[in-house]
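Peer 1: next comes the sequence, and after it the predicted model I'd like to discuss.
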Amino acid sequence: MFKKLAVFLFAAAAALSASITTAIAAPGGCLAQCRLDYNECLGSGIDSAACRRELLQCNRDCRYPPA
């Protein structure tokens, strides 16, 4: 249960940081932020497969921002 909550909170934070980065940073900044979030996720002890899924979703959001 705790891991699911942690993954959800990470996903929410990653989405928010990607949105903010997209809005105010250079085009490559969003993808760089995704990588930073991914490294933070791995360092927090969350399952690496879950971190990778979040990284891929963040990258997609950077390339094709939700309207």
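Peer 2: Sure, I can see it.
Peer 1: buried residues of the helix or strand harbouring Tyr38, list them for me.
Peer 2: Per DSSP states H and E: Tyr38 is located in helix 27-43. In terms of neighbour count (16 or more other Cβ atoms under 10 Å), helix 27-43 has its buried residues at Cys30, Leu31, Gln33, Cys34, Asp37, Tyr38, Cys41. Where you see a C-beta, it was placed from the backbone N, CA and C, and this is true even at glycine.
Peer 1: pick the one among these closest to Cys51.
Peer 2: Cys41 (3.8 Å; Cβ to Cβ).
Peer 1: name the nearest residue to the closest one, sequence neighbours excluded.
Peer 2: Closest residue to Cys41 apart from its sequence neighbours, by Cβ to Cβ, 6 or more residues apart in numbering: Cys51 at 3.8 Å.
Peer 1: ok, how many other residues are close to the one you found?
Peer 2: Cys51 has 22 neighbours, counted by other Cβ atoms under 10 Å.
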